[in-house]
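[1] fold the following.
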Amino acid sequence: MVALKIDAELKRWAAPRQAEYIDALIELGSAKAVAARFGVHPSAVGRSIAAVRKKAALQGHSPEHDMKKTVPDGFTVKGVSTYYDSDGVARGQWVKSVRDNDWQQQIIAEFVDWLTTEGVRGLAPLTPPPATTDEDLLAVYPMGDPHFGLHSWAAETGDDFDLKEAERITCTAIDRLVSAAPAAKTALLLNLGDFFHADDSRNETPGHGNKLDVDSRFGKIAQVGLRAIVYCVRRLLEKHDRVHAWMMPGNHDPHISQLLAIALNAWFNDQPRVIVDMSPSLYKYMRFGRVLIGSHHGHACKSGELPLLMATDRAVDWGETVHRYWLCGHIHHWSAKEHPGVIVETFRTLAAKDAWHAGQGYRSGRDMNVITYHRDYGEIQRTRCDIAMIS
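    Numbers count the residues shown, from 1 in each chain. Reported below is the predicted structural model:
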């Protein structure tokens, strides 16, 4: 069988499954054979390859059209001028590029396409519920600013940190905390925001355009981040009967955090014991008996204004509860201040410092906690996992 002409260089712009399709096409020579190997329809293979070719062409790679000069991520080709000699051989090329204003939407669409083509929806296997749990207890796992995708070099910042390390320490910390937590019937996995270091492949903060130290490609960061948060939910399901998951929008990831919630909800679509909050609101609340918990990343409202905000947003709950808490992130260090009627607390991160924060003298500790609340008595227990315990 004569292999179809497929450019192996296309793998530079391919998602993992698309890259597998390209390798298989080179080996097998037909979309039908590739489809049979992967158990999909041949049209799915064709659409997948076409999408990669289109993406590569937007970056200036289309050898069949003599386009071989690529442009950086975040730019698209505006025009190509190729000049040929008398024999029709290309001798030179001018490539005009333009900033791609739709780049963020393209990245999100690409991630959604990955979720669809990989058959993610309802993929999570059903986890048997624990034999016994205490319905009077709520276990909250605040995840302070995980910053998946951050790159830190120890020689510059004091600690090495990359995508692989982010996944390792997050999953290891969850393992320790779940083992130490009481068997509360209800759990809340609380991502306090900035789960991702960058919102898209521009590698800048969305609000102010500050440059970020980022490890790896954005698509890979998104996929590893999803894998880690799925692992966390599955571990909580082993200990708790019902697991709520909040993906708070941060100043680093206001858009991709919403996509993370969508992906997580799709993954656990067939698991009734998982409740993912899909609201894009910057403020979320949970009532548990006489306990009221609010969460906000911490970037849009000053901590001193949060008590009144809770009383306004949840007036009835405020009047019917005794123990009220705000759980926040953003500032990367632990703090707690008791206001009339409510405690506002911020949490540390497990992530290392980036070069800017290291240069500015930030030296906060790194840890993660699980906090246990009783429906009548408020917080009754707390277990802390320091970075040294998992390093």
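[2] need the next SSE after the host helix or strand of Ala311, C-terminal direction.
    Using DSSP states H and E, Ala311 falls within helix 306-313. The helix or strand immediately downstream of helix 306-313 is helix 315-320, counting by DSSP H and E.
[3] buried residues in that following helix?
    For helix 315-320, burial by neighbour count (16 or more other C-beta atoms under 10 Å) applies to 317-318. Where C-beta positions appear, they are placed from N, C-alpha and C, glycine not excepted.
[4] quick one: mean pLDDT for that helix?
    Helix 315-320 comes out with an average pLDDT of 98.
[5] who does the helix holding Ala311 touch, helix- and strand-wise?
    Judged by 3 or more C-beta pairs under 8 Å, 6 or more residues apart in numbering; DSSP states H and E, helix 306-313 is in contact with strand 291-296, strand 323-328, strand 342-346.
[6] go again with 10 Å.
    Here helix 306-313 touches strand 284-288, strand 291-296, helix 315-320, strand 323-328, strand 335-339, strand 342-346, going by 3 or more C-beta pairs under 10 Å, 6 or more residues apart in numbering; DSSP states H and E.
[7] then that helix to PDB, C-alphas only?
    Provided in PDB are the C-alpha atoms of helix 306-313 (Å, rounded to 0.1, in the frame of the first residue of the first chain):
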ATOM      1  CA  LEU A 306     -16.100  41.000  52.200                       C
ATOM      2  CA  PRO A 307     -18.100  40.700  55.500                       C
ATOM      3  CA  LEU A 308     -20.700  43.300  54.300                       C
ATOM      4  CA  LEU A 309     -20.800  41.700  50.900                       C
ATOM      5  CA  MET A 310     -21.700  38.300  52.500                       C
ATOM      6  CA  ALA A 311     -24.400  40.000  54.600                       C
ATOM      7  CA  THR A 312     -25.800  41.600  51.500                       C
ATOM      8  CA  ASP A 313     -25.600  38.600  49.100                       C
END
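[8] before we move on, the earlier item: would you turn the helices and strands packed on helix 306-313 into CSV with distance to Val370?
    Shown next, in CSV, are these (distance: least, C-beta to C-beta, whole Å):
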stretch, distance to Val370
strand 284-288, 15
strand 291-296, 14
helix 315-320, 23
strand 323-328, 12
strand 335-339, 16
strand 342-346, 14
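[9] looking at the ones you listed, which is closest to Ala154?
    strand 342-346 (25.9 Å; C-beta to C-beta).
[10] what about the stretch 151-300 of the chain, any weak spots by pLDDT?
    Along the stretch 151-300 of the chain, the model assigns pLDDT under 70 to no residue.
[11] hmm, 90 instead?
    Scanning the stretch 151-300 of the chain with the threshold set as pLDDT under 90 gives 216, 269-270.
[12] all strands in it, in order from the N-terminus.
    184-191, 242-247, 274-276, 284-288, 291-296 (DSSP state E, counting those that start in this stretch).
[13] which of the ones you listed sits closest to Ser43?
    Here strand 274-276 is closest among the strands of the stretch 151-300 of the chain (C-beta to C-beta), at 31.6 Å.
[14] can you name the residues in contact with that closest one?
    124, 127, 186, 188-189, 233-234, 236-237, 242-247, 260-269 (C-beta atoms under 10 Å, 6 or more residues apart in numbering).
[15] which strands border it, and is each parallel or antiparallel?
    Applying DSSP bridges, strand 274-276 is found paired with strand 242-247 (parallel).
[16] just want the angle from the strand it pairs with to strand 291-296.
    Angle of strand 242-247 versus strand 291-296, following axes from the mean of the first three to the mean of the last three C-alpha atoms, to 10 degrees, is 30 degrees.
[17] quick one: strand 242-247 to chain centroid distance?
    Centroid separation for strand 242-247 versus its chain: 15 Å, with C-alpha atoms, centre = their mean, to the nearest Å.
[18] do the same with stretch 53-60
    The answer for stretch 53-60 is 26 Å, by C-alpha atoms, centre = their mean.
[19] do the same with stretch 347-356
    For stretch 347-356 - counting by C-alpha atoms, centre = their mean - the centre lies 16 Å from the chain centre.
[20] alpha carbons of that stretch, in CSV - could you do that?
    Only the C-alpha atoms of stretch 347-356 are listed here, as CSV (Å, rounded to 0.1, in the frame of the first residue of the first chain):
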residue,chain,number,x,y,z
PHE,A,347,-4.2,30.7,52.2
ARG,A,348,-0.7,29.9,51.1
THR,A,349,0.2,28.2,47.9
LEU,A,350,2.2,25.0,47.2
ALA,A,351,3.7,26.6,44.1
ALA,A,352,7.2,28.1,44.2
LYS,A,353,7.9,31.8,43.6
ASP,A,354,8.4,33.1,40.2
ALA,A,355,11.4,35.4,39.4
TRP,A,356,9.4,38.6,40.0
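[21] residues of that stretch that come out buried?
    For stretch 347-356, using 16+ other C-beta under 10 Å, the buried residues are 347-354.
[22] rewinding a little: save the strands of the stretch 151-300 of the chain as CSV, and put in distance to Ile22 and mean neighbour count too.
    Converted to CSV, those look like this (distance: least, C-beta to C-beta, whole Å; neighbours: other C-beta atoms under 10 Å):
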stretch, distance to Ile22, mean neighbour count
strand 184-191, 34, 25
strand 242-247, 33, 24
strand 274-276, 34, 20
strand 284-288, 42, 18
strand 291-296, 43, 24
